[in-house]
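Participant: Next one to model:
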Amino acid sequence: MDYYSIVTILIVLSAIFGYINVRFLKLPITIGLMVITILFTLIILGISYFDDTLLMRERKLISQIDFKTVLLDIMLSFLLFAGALHTNFEQLKIQRWPILVFATLGVLVSTFLVGIIMYFVLQLVGLPVEFIYCLLFGALISPTDPIAVLGILKQAGAPKKLETKIVGESLFNDGVGVVVFLTIYAIARDGGDVSVSHIAEMFAIEVLGGIVLGLLLGWITYRLMKSIDDYDVEVIITIAAVMGGTLLAQQLHTSAPLAMVACGLMVGNDTIRNTAMSEITETYVDKFWELVDVLLNTLLFVLIGMEILMLTFDGQYILAGIIAIPIVLACRYISLWGPIKFFQKKLDFVPKTNLIMTWGGLRGGISIALALSLTPQMHSELFLVITYIIVAFSIIGQGLTVGPLIRRLAKDAD
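Facilitator: Just a heads-up that it's a prediction; the model follows:
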């Protein structure tokens with residue numbers, strides 16, 4: 001099947017499922033689409049006991065899509081730029097230090113806590129897995145997913161300064177998380193032959209290089225947009241910044257996601273908007289990237305729902321996934337506790353910030369994409385099932401309840 005046919009099928013399914021959600025379920029679009037897609041796939045699995053034609057066609061469709069490449073190398077840059085473009089830059093500056101600590105130290109602490117606890121838990125359920133592979137799982141599940149967070153927090157009604165912490169952390173921690181994952185992956189693959197200097201070099205090139213490249217791209221985009229007044233061309237310039245910047249980042253081996261976050265924050269901040277964009281240009285740029293955001297989110301969560309066909313339905317795997325849910329949440333809560341205690345004396349934190357950030361830190365497609373990159377030797381089938389269960393619970397369970405939780409805690413604080 002050619003790429004046009006695959007994309008067409010996905011968009012048609014997204015449109016049908018989106019209509020069903022808006023017409024009947026009335027859930028947030030990302031949650032609704034994932035729920036409907038999972039139900040659709042489970043129905044096809046049920047029908048397959050009588051006629052497996054539909055199941056074979058859906059499996060063929062999914063097998064032709066490289067989820068990891070599509071998400072990490074293509075969709076993620078567009079989604080992060082769109083998210084960063086509409087993030088409150090002034091609040092981000094105020095909250096920059098706690099966000100930086102959450103996205104670095106928080107990810108590292110959570111990675112090791114999850115890895116250590118899961119090592120012993122898997123032994124208890126009869127799944128002996130080497131510690132390094134448990135640590136690898138900790139690295140892929142610890143970063144919160146900016147796509148899932150951005151899509152659901154828009155409707156949650158969180159206070160702006162709290163929303164900035166959660167969104168800001170999720171925008172940056174996936175870049176750090178990928179570096180941590182790649183480092184542990186290299187150690188697991190090469191048998192520990194990775195030096196501290198190599199890790200430092202990888203961090204500098206990926207993280208710092210990505211941010212510097214993004215700021216440079218943002219500055220070039222700003223200068224180009226400031227020198228003309230044509231909204232059509234200015235929208236195209238922002239597209240070129242994302243596509244050209246992603247390609248350049250990949251060639252330079254820097255973090256394309258972090259580059260797009262930095263670029264989006266720079267182009268979207270109020271100072272640049274007021275000096276580089278006319279009112280009509282600002283409207284067109286915002287509306288275009290909102291549409292891109294919705295379209296790609298729609299496709300992504302339909303794909304996540306369909307990835308259920310990639311799972312191995314083993315009772316021990318499912319049990320391990322269910323047990324892993326509270327473990328991952330507890331590790332995130334612990335990893336945030338120290339930084340929040342340190343910064344709450346200097347910055348005005350809303351009550352129960354740790355609880356809200358733990359429950360509002362959703363996992364999504366990035367974790368699944370990283371799990372799909374594991375090799376059979378790294379227990380890919382086991383960790384894919386565990387990751388999928390956590391992601392499904394995170395998006396559906398946490399996503400549906402984070403809004404009511406925030407409103408209830410805000411009411412109790414009044």
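
Participant: what does the one helix or strand residue 46 maps to rub up against?
Facilitator: Residue 46 is located in helix 29-47, with elements delineated by DSSP states H and E. The contact list for helix 29-47, computed with Cβ atoms under 8 Å, 6 or more residues apart in numbering, reads 13-14, 17-18, 20-22, 25-27, 54-55, 58, 148, 151-152, 294, 297-298, 301-302, 304-306, 308-309, 392, 395-396, 399-400. For the C-beta atoms, the positions are set from N, CA and C on the backbone; glycine is no exception.

Participant: Which of those residues fall in helices?
Facilitator: Residues from the contacts of helix 29-47 lying in helices, with DSSP state H as the criterion: 13-14, 17-18, 20, 54-55, 58, 148, 151-152, 294, 297-298, 301-302, 304-306, 392, 399-400.

Participant: Filter those down to the buried ones.
Facilitator: Among these, those that count as buried by neighbour count (16 or more other Cβ atoms under 10 Å) are 13-14, 17-18, 20, 55, 58, 148, 151-152, 297-298, 301-302, 304-306, 392, 399.

Participant: Before we move on, what's the pLDDT of the residue of the chain most remote from its centre?
Facilitator: Of all residues in the chain, residue 50 sits farthest from the chain's C-alpha centroid, using Cα atoms, centre = their mean; the distance is 37.4 Å. With respect to pLDDT, residue 50 has a value of 93.

Participant: Could you do residue 413 as well?
Facilitator: In the prediction, the pLDDT value recorded for residue 413 is 56.

Participant: Could you do residue 6 as well?
Facilitator: The confidence metric pLDDT takes the value 91 at residue 6.

Participant: cool, residue 148 as well?
Facilitator: At residue 148 the predicted local confidence, pLDDT, stands at 75.

Participant: Was I right to think it contacts residue 361?
Facilitator: No: the pair residue 148 and residue 361 fails to qualify as a contact (Cβ atoms under 8 Å) at a distance of 9.3 Å.

Participant: May I have the helix or strand harbouring residue 61 as PDB, with CA atoms only?
Facilitator: Element membership for residue 61 (DSSP H and E) is helix 53-63. What follows is the C-alpha trace of helix 53-63 in PDB, where atoms were taken according to Å, rounded to 0.1, in the frame of the first residue of the first chain:
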ATOM      1  CA  THR A  53     -10.500 -10.200   6.800                       C
ATOM      2  CA  LEU A  54     -10.700  -6.800   8.600                       C
ATOM      3  CA  LEU A  55      -8.200  -7.800  11.200                       C
ATOM      4  CA  MET A  56      -5.700  -8.800   8.500                       C
ATOM      5  CA  ARG A  57      -6.200  -5.500   6.700                       C
ATOM      6  CA  GLU A  58      -5.700  -3.400   9.900                       C
ATOM      7  CA  ARG A  59      -2.600  -5.400  10.800                       C
ATOM      8  CA  LYS A  60      -1.200  -4.900   7.300                       C
ATOM      9  CA  LEU A  61      -1.900  -1.200   7.600                       C
ATOM     10  CA  ILE A  62      -0.200  -0.900  11.000                       C
ATOM     11  CA  SER A  63       2.800  -3.000   9.900                       C
END
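
Participant: what helices or strands is the helix or strand that that helix is followed by leaning on?
Facilitator: On the C-terminal side of helix 53-63, the closest following helix or strand by DSSP H and E is helix 67-69. Where contact means 3 or more Cβ pairs under 8 Å, 6 or more residues apart in numbering; DSSP states H and E, helix 67-69 is packed against helix 365-372.
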